[in-house]
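Q: I'll drop the sequence and a predicted model, then ask my questions.
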Amino acid sequence: MNLIKGIKYNLRGLGMGFKTPQLLLLGLIRFLIVILITIFAAGLILVYHQEILSFMWTKPENPWVTWLWYLLSWLLSAVLVGLSAVISFLVSQILFSVLIMDLMSRITEKKVTGTIRETRKMPWWQQFLFLIKQEIPRAIVPVLLSMLLLIIGWLNTDLTPARQLVPFSERFRSLRGSLLFHLGFGLLFLIPVLNILFLSFAPVGATLYQIDKNKN
């Protein structure tokens, strides 16, 4: 049930994002940022594709072995493009998306509850630096270690408690108690092309989940 619940909250957030002009604008901005950085990173990597391939294996003169070289070329291209997508996600997540995600979470929380719950007031720049600092262990470490879907789901659902200054250790314990939910929340990110769209509006569904969780 928690697996299905995670999928439902992701879809619910996407629906609310499309219906709310402010959320739709911010979600589309985040969507475009990821796309542009991915295109730039993939283009930059593919420009040096031939040099990288030549460094690994010089094109053989034997025609019976050349097909292996071409196969390696295609595999290397696929790996490099995939790597550029992961790098683009991390860069956009840490440098750009964290601010947009926080705004989307605030708009969603205020729209549903009428107020924004915060532990204490902080200057905007201190809060921004705090969120950036929180994004490093939430984004880079999990992606490098495992790249599991439940971690990607947690990157979104963890945003609200992080803004409320809940300690990282406590938030991580909460993740361990809701693994199936976060796995379900992240399943939609497997759908090619649409995964970027779901990811762009994921903070809305994640905030709805935290609001219902606090009610319970």
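A: That came in fine, so what should we check first?
Q: what's the longest helix in the protein?
A: When the chain is scanned for its longest helix (criterion: DSSP state H), the result is helix 63-91.
Q: What residues sit buried inside that one?
A: Buried positions in helix 63-91, judged by neighbour count with 16 or more other CB atoms under 10 Å: 73, 76-77, 80-81, 84-85, 87-91. C-beta coordinates here come from the backbone N, C-alpha and C atoms, glycine included.
Q: hey, where'd the helices end up in the chain?
A: With DSSP H as the criterion, the chain has helices spanning 2-19, 21-47, 49-56, 63-91, 98-113, 124-135, 141-145, 149-157, 159-163, 168-176, 179-187, 194-215.
Q: With mean pLDDT added, can I get the ones you listed in CSV?
A: Below are those laid out as CSV (pLDDT from 0 to 100):
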stretch, mean pLDDT
helix 2-19, 84
helix 21-47, 82
helix 49-56, 70
helix 63-91, 73
helix 98-113, 84
helix 124-135, 65
helix 141-145, 52
helix 149-157, 71
helix 159-163, 80
helix 168-176, 80
helix 179-187, 76
helix 194-215, 83
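Q: quick check, distance from the longest helix of the chain to the centre of its chain.
A: Offset of helix 63-91 from its chain centre (CA atoms, centre = their mean, to the nearest Å): 23 Å.
Q: Let me know the angle separating it from helix 21-47.
A: Following axes from the mean of the first three to the mean of the last three CA atoms, to 10 degrees, one obtains 150 degrees for the angle between helix 63-91 and helix 21-47.
Q: Can you name every helix or strand that helix 63-91 contacts?
A: Judged by 3 or more CB pairs under 8 Å, 6 or more residues apart in numbering; DSSP states H and E, helix 63-91 is in contact with helix 21-47, helix 49-56, helix 141-145.
Q: Looking at this protein, which residue reaches furthest from the middle?
A: Asn62 (44.9 Å; CA atoms, centre = their mean).
Q: pLDDT score for that residue?
A: Per-residue pLDDT puts Asn62 at 73.
Q: tell me the phi and psi of it?
A: Main-chain torsions, Asn62, degrees, to the nearest 10: phi -70, psi 120.
Q: Repeat that for Val166.
A: Backbone torsions for Val166, taken as degrees, to the nearest 10, come to phi -70, psi 130.
Q: Adding distance to Phe185, write the buried residues of helix 63-91 out as CSV.
A: Putting the buried residues of helix 63-91 into CSV (distance: CB to CB, whole Å) gives the following:
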residue, distance to Phe185
Ser73, 37
Leu76, 33
Ser77, 31
Leu80, 29
Val81, 26
Ser84, 25
Ala85, 20
Ile87, 23
Ser88, 21
Phe89, 16
Leu90, 19
Val91, 23
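Q: between those, which is nearest Arg30?
A: Arg30 lies nearest to Phe89 out of the buried residues of helix 63-91, by CB to CB, at 11.0 Å.
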